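Asks: Got a predicted structure plus its sequence, pasted below:
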Amino acid sequence: MERLDPRTTHGTPDPLVPGGGGAFPGGTPGGAFDPWRYRDDAGVSGVDLVGYKVEATDGGIGKVDRSSHEVSSSYLVVDTGPWIFGKKVMVPAGTVNHVDHDERKVYVDRSKDQIKAAPEFDETADTDPAYREKLGGYYSDTYSAIPPGTAR
């Protein structure tokens, strides 16, 4: 059997659909991942997410303590409660896959371990460009264009 080159596509559908959106629901729009902007189809616009539960790809991580809808600077602050010793984490808006308003849940496209390993949240530096660049860089590096549960 011949080996397939992982850098090329082999009979797979075009990863972009008309309009530039990702090929799977909640997928990142075509182009570069923007950690500080909610996805157009995430269902966030105009909604206060404070109090919503947050679900990682492998289970719950806490509740939204604070949310921001600033243009190109949006994020969630999640109170993890006892999960990681009451620590709060800042999660950039670009990681929000979708929101279920009926169940009051925000679904992010990162695992618990990825969120736990993120740079520590510093309430005094949340608007500091260097801190945001570090945090945005971490989440950009952990981004995968392949939807969760898809074979690699």
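Replies: Yes, it's here.
Asks: Quick check: bridge partners of residue 100?
Replies: residue 105 (DSSP bridges).
Asks: surely it meets residue 49?
Replies: No - if you go by CB atoms under 8 Å, residue 100 and residue 49 don't touch, sitting 11.2 Å apart. Yep, even glycine has a C-beta here, placed from its N, CA and C like the rest.
Asks: so what strands line up beside the longest strand along the chain?
Replies: Longest strand of the chain, by residue count under DSSP state E: strand 59-67. Next to strand 59-67 in the sheet, as set by DSSP bridges, lie strand 53-56 (antiparallel), strand 75-79 (antiparallel).
Asks: Which residues are in contact with residue 34?
Replies: Contacts of residue 34 were listed using CB atoms under 8 Å, 6 or more residues apart in numbering, and they are 72, 94.
Asks: Give me the residue at the spatial middle of the protein.
Replies: Among the residues of the chain, the one closest to the centroid is residue 95, at 0.9 Å (CA atoms, centre = their mean).
Asks: Quick check: beta-bridge partners of the spatially closest residue to residue 126 that is not a sequence neighbour?
Replies: Closest residue to residue 126 apart from its sequence neighbours, by CB to CB, 6 or more residues apart in numbering: residue 90 at 6.3 Å. Applying DSSP bridges to residue 90 gives these bridge partners: residue 77.
Asks: Many thanks, have a good one.
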